[in-house]
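J.: coords please:
(one chain, ligands or ions: 1)
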Amino acid sequence: MAGAVGHLREFFVGGRWEPAAGDLTRRIVDPATEEVVAEVSIGEAADAAAAVQAAKAAFPAWSALTGAQRADHLERFAEVWEAHAEEIGAAISREMGMPVGMSGFFNGFAPAQMLRYYAQLARTRVEEEDRVPAYFRGSARIRPTAAGVVAAIAPWNYAATLLASKFAPALAAGCTIVIKPAEENGVSARIIGRILDEADLPPGVVNVVPGGPDFAAALVANPDVARVAFTGSTGVGRTIARTVGERLATVNLELGGKSAAVVLDDADLDVVARDLPPLAFQNSGQTCFAQTRVVATPGVYDAVVRLLVDHAQGQRLGSPFDTATTMGPLGTGAQRERVRRAIAEAVDRGAVVEAGGRDAAVPERGFYVAPTVLTGVRSRDDVAQQEIFGPVVVVIAAEDDDDAVRIANDSPYGLAGSVWTADTARGLALARRIEAGTVGVNGYQPDAAAPWGGVKDSGQGRENGPEALESYLVPRTYYLFDHTPDAPG
Ligand code: NAD
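T.: Below is the predicted model:
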């Protein structure tokens with residue numbers, strides 16, 4: 001794979017392949033085989049300075065284009081991305097273990113769709129507006145303008161989707177950007193560079209460097225970065241917010257979660273059986289919105305445990321490249337150990353393993369953990385409070401609707417949730433009482449067209465929808481005075 005990708009010692013910066021400034025490298029390990037598949041250069045502080053400089057140099061011309069001109073570029077970018085969809089999907093599967101069909105959707109198809117969606121918004125957006133002033137005669141002309149250079153930092157779990165949800169709206173708004181994929185994505189980062197090269201965006205408009213900690217720190221602290229768009233853990237998000245806040249730039253934080261799925265007595269259990277367990281276990285549970293706290297009222301509790309167990313036991317763990325595989329390995333060996341430890345600690349504190357477990361059979365090689373269902377868990381137990389980021393779901397009994405809401409909200413996080421009931425109005429009423437940025441009724445699906453993000457420890461700001469594009473703009477106001485004697489106002 002490495003040979004086919006090329007440029008493993010270089011970064012795509014300023015429209016060219018530039019050699020890494022330092023000697024830092026990382027071995028990319030295939031989590032399904034534990035074999036090293038590539039060794040790649042990782043960006044350091046000097047690379048961050050060069051990438052920001054390139055984005056800064058490109059900003060005046062890019063931000064001066066009309067929305068329609070930027071839309072033309074984004075559509076071309078989408079076409080080229082789509083032509084490489086299979087390649088990038090497979091590379092990310094190799095880097096982090098997501099089954100290849102799923103990766104083709106999230107890392108191949110979805111970014112191209114995201115680019116097209118924002119191209120359309122850029123083409124149709126009203127670029128300025130005149131308002132009748134309240135205090136003087138004339139008009140107030142409001143023109144939102146691009147914020148400047150954006151730094152986009154993403155994790156490895158949905159690598160390309162989470163980069164696209166930053167670069168697509170930022171580019172549509174007229175910002176230029178430095179994107180920092182996770183170090184784990186050192187190979188796919190080069191494929192993104194090749195896509196950019198082929199898409200022929202003006203040099204410096206998008207720069208891509210899989211950077212290490214020095215790179216990330218330098219990027220976030222760089223005074224020429226106007227806005228940081230971050231997806232990742234709550235701890236790192238807080239660190240970034242402090243740095244960015246200190247220099248009065250702005251930050252969007254898409255952080256961790258521990259989302260609740262509330263199943264009420266009248267729920268259609270066929271729908272629940274089909275659609276809820278994948279929300280808990282998708283991508284081996286390495287999904288920020290994973291609904292890993294299932295809260296069930298008394299009439300359905302046993303059935304809900306059963307259907308989660310059936311789903312867990314029906315999973316086929318194996319190579320992400322085998323089309324029969326439904327669940328791949330965890331992304332790294334360290335992640336597998338964290339998940340196994342969390343299961344063991346929960347059991348020590350009285351949790352009952354209904355399926356899976358720390359030592360359940362899994363393929364011999366690779367960072368696998370069996371999908372695990374736990375009962376006998378209280379809402380305040382660590383396993384119900386902390387994000388595990390693995391295929392572990394807890395089922396908690398609620399006395400009634402109010403108790404279910406109480407349990408759902410008994411979390412430091414507020415990213416996502418769902419309510420399952422035959423009565424949509426009852427479901428929506430209950431959904432509105434859940435402290436989370438997005439809640440589904442009888443299903444759950446984030447969408448490019450609707451704002452996405454969390455409350456509480458799950459972050460601030462929103463991606464997706466027109467709201468994301470607006471967030472990369474700064475409104476500027478021009479007061480236009482009318483001194484003619486009969487002017488209105
Ligand atoms: P992480 O915070 O360790 O890393 C995320 C990114 O930040 C990586 O690119 C990493 O290199 C970079 N980074 C690490 N330290 C940094 C620093 N000090 N300054 C700047 N950048 C730094 O997260 P992870 O463990 O790789 O990813 C999983 C987490 O991401 C989970 O908590 C998950 O819930 C969250 N996540 C959230 C969303 C969302 O939309 N809310 C989506 C996906 C994942």
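
J.: point out where the chain drops to low pLDDT.
T.: Along the chain, segments meeting pLDDT under 70 span 1-5, 488-489.

J.: so L415 touches I434, yeah?
T.: No - taking contacts as CB atoms under 8 Å, L415 lies outside contact range of I434: 10.8 Å. All C-beta atoms are positioned from the backbone trio N, CA, C, and that covers glycine.

J.: E364: what's it in contact with?
T.: Counting by CB atoms under 8 Å, 6 or more residues apart in numbering, E364 makes contact with nothing.

J.: would you mind measuring from it to the ligand?
T.: Separation of E364 from the ligand (CB to the nearest ligand atom, to the nearest Å) stands at 26 Å.

J.: same deal with V40?
T.: Taking CB to the nearest ligand atom, one finds V40 at 14 Å from the ligand.

J.: swap in A241?
T.: 10 Å.

J.: identify the residue nearest that residue in space, chain neighbours excluded?
T.: V251 (5.5 Å; CB to CB, 6 or more residues apart in numbering).

J.: tell me the secondary structure at the one you found.
T.: Classification of V251 using DSSP: H, G, I helix; E, B strand; the rest coil returns strand.

J.: what number of residues lie near it?
T.: By other CB atoms under 10 Å, 21 other residues sit near V251.

J.: around the ligand, pick out the residues from the stretch 151-300 of the chain.
T.: Within the stretch 151-300 of the chain, the positions near the ligand by CB under 6 Å from any ligand atom are 153-158, 162, 180, 182-183, 213, 216-217, 220, 231-233, 236, 239-240, 254-257, 288.

J.: let's see that with 5 Å instead.
T.: Proximity of the stretch 151-300 of the chain to the ligand, by CB under 5 Å from any ligand atom, involves residues 153, 155, 182, 216, 231-233, 236, 239, 254, 256, 288.

J.: now, those residues that are in strands?
T.: The members of these that map onto strands under DSSP state E are 153, 231, 254.

J.: which residues does the second one form a beta bridge with?
T.: This points to T231. Beta-bridge pairing for T231 (DSSP bridges): E254.

J.: for P298, see how far away it is.
T.: 38 Å (CB to CB, to the nearest Å).

J.: again, but for the first one
T.: According to CB to CB, I153 and P298 sit 44 Å apart.

J.: W156 now?
T.: Counting by CB to CB, the gap between W156 and P298 amounts to 40 Å.

J.: more neighbours: these two, which one.
T.: W156 (23 against 12).

J.: how close does the spatially most central residue of the chain get to I179?
T.: Note on the chain: the residue nearest the mean C-alpha position is L162, at 4.1 Å, using CA atoms, centre = their mean. Counting by CB to CB, the separation of L162 from I179 is 10 Å.

J.: hang on, the earlier thing: and the ones in strands among the residues of the stretch 151-300 of the chain next to the ligand as TSV, adding neighbour count?
T.: What follows is those, written out as TSV (neighbours: other CB atoms under 10 Å):
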residue	neighbour count
I153	25
T231	27
E254	27
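
J.: from those, pick the one nearest M327.
T.: Distances from M327 to those, taken as CB to CB, are shortest for T231 (22.7 Å).

J.: which residues touch that closest one?
T.: Contacts of T231 by CB under 8 Å, 6+ apart are 153-155, 162, 165-166, 254-255, 288.

J.: still on that earlier bit, tell me, what's touching L162 and I179 both at once?
T.: Each of A154 lies in contact with both L162 and I179 under the rule CB under 8 Å, 6+ apart.

J.: please, which helix or strand holds I179?
T.: strand 176-180 (DSSP states H and E).

J.: which residues touch that strand?
T.: Contacts for strand 176-180 (CB under 8 Å, 6+ apart): 43, 48, 51-52, 55-56, 58-59, 62-63, 149-154, 163, 166-167, 170-171, 192, 204-211, 215-216, 219, 225.
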